[in-house]
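Visitor: Provided below for reference: sequence and predicted model.
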Amino acid sequence: MAAVNPLLVVKDLHRSFGGLKAVDGIDLTVMPGEVRAIIGPNGAGKSTLVGLVCGRIEPDSGSILFDGRDITALPAHRRVRQGIAYTFQITSIFPNLTVFDNVALPVQRSQHHSVGVARLRRGVLEALERVGLSDRLDQPAGELAYGHQRLLEVAMGLSLKPRLLILDEPTQGLSDGEIEGFVALVREIARDATVMLIEHNMDVVMSLADRITVLNFGKVLAEGTPEEIRANAHVQAAYLGTPDDE
Ligand SMILES: Nc1ncnc2c1ncn2[C@@H]1O[C@H](COP(=O)(O)OP(=O)(O)OP(=O)(O)O)[C@@H](O)[C@H]1O
């Protein structure tokens, strides 16, 4: 059997803000098809790490390989073309544009050449169908309920047909019912994409992740399966707390 190559390799990555080492020598390998959760206390460096991976933040040193190719110096829009899509922690929709146009925009932006109208429409509809918003095409995005706005963001990412979809705190502000639907959606997405998930909701992490990377003070504190992470005493001390803690 042929060996499977990693989709993403991060090597000894560093990034400081002033004197603060937000990412302090992180190594990370993500295999294709994996759902990788990135967890850790507030300020641990999770958002900085994914910002470095998608190219919104420049590293001080270290390297990032995507599908075997060194992308460390590649600007963010070129990484999108390579297949890295990122949905923001903070809502990034355009409230005055329709649901359809919100998804059409990133597709158009990501292309070298203009996309044919029929193909564009097909791609947008497909992404909106996957998240369950295809009955709201003409509605201004700002009129959607909050949970639907978050789904719209996922559709914006999906429309780019990413090989790596990075979701930064996607369930923040969602109701329990919406979270359940979201978990099912990520499972469906993970059938043909690799997912990196920054998430504070431990139930979501434990039920979705194949592997979990725990960050603390800009370093990898632990990495393993949900079972391994749950059982890890260092992780419990730094982050998880006792099972009944709220
Ligand atoms: N642009 C910036 N300028 C200055 N400091 C920053 C900047 N971005 C991040 N930091 C600092 O770097 C550290 C890591 O931040 P980061 O947002 O990566 O953590 P996080 O693990 O994502 O936290 P949270 O769970 O709160 O989102 C924090 O101390 C943060 O204040």
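Guide: Perfect, I can see it now.

Visitor: Chain neighbours aside, what residue packs nearest to Ser61?
Guide: Nearest residue to Ser61, sequence neighbours excluded (CB to CB, 6 or more residues apart in numbering): His14, at 4.8 Å. Where C-beta positions appear, they are placed from N, C-alpha and C, glycine not excepted.

Visitor: give the contact list for the one you found.
Guide: Listed by CB atoms under 8 Å, 6 or more residues apart in numbering, the contact set of His14 reads 21, 23-25, 59-62.

Visitor: Of these, which is the nearest to Glu178?
Guide: Nearest to Glu178 among these: Val23, at 30.9 Å, using CB to CB.

Visitor: re earlier: just the buried residues of the contacts of His14.
Guide: Applying 16 or more other CB atoms under 10 Å to the contacts of His14, the neighbour count classes 21, 23-24, 59, 62 as buried.

Visitor: what does this protein have sitting close to the ligand?
Guide: Contacts of the chain with the ligand, taken as CB under 6 Å from any ligand atom, map to 17, 20, 22, 40, 42-48.

Visitor: Mind checking which of these land in strands?
Guide: Using DSSP state E, the subset of these located in strands is 17, 20, 22.

Visitor: Separate out the buried members of these.
Guide: The neighbour count (16+ other CB under 10 Å) marks Ala22 as buried among these.

Visitor: circling back: for the residue nearest to Ser61, list each beta-bridge partner.
Guide: Asp24, Ser61 (DSSP bridges).

Visitor: picking that back up, in JSON lines, list the ones in strands among the residues of the chain next to the ligand along with distance to Leu215 and pLDDT.
Guide: Shown next, in JSON lines, are those (distance: CB to CB, whole Å; pLDDT from 0 to 100):
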{"residue": "Phe17", "distance to Leu215": "15", "pLDDT": "97"}
{"residue": "Leu20", "distance to Leu215": "14", "pLDDT": "96"}
{"residue": "Ala22", "distance to Leu215": "10", "pLDDT": "98"}
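
Visitor: all strands of the protein, in order?
Guide: Taking DSSP E as the criterion, the chain carries its strands at 8-17, 20-30, 35-39, 61-66, 69-70, 84-87, 164-168, 194-198, 211-216, 219-224.

Visitor: ranking those strands by mean pLDDT, which is last?
Guide: In terms of average pLDDT, strand 84-87 trails the rest of these, at a mean of 87.

Visitor: shouldn't Leu151 be in contact with Arg130?
Guide: No: between Leu151 and Arg130 there is no contact under CB atoms under 8 Å: 9.4 Å.

Visitor: So for those two, which residue has more residues nearby?
Guide: Using other CB atoms under 10 Å as the criterion, Leu151 and Arg130 rank with Leu151 on top: 24 against 17.
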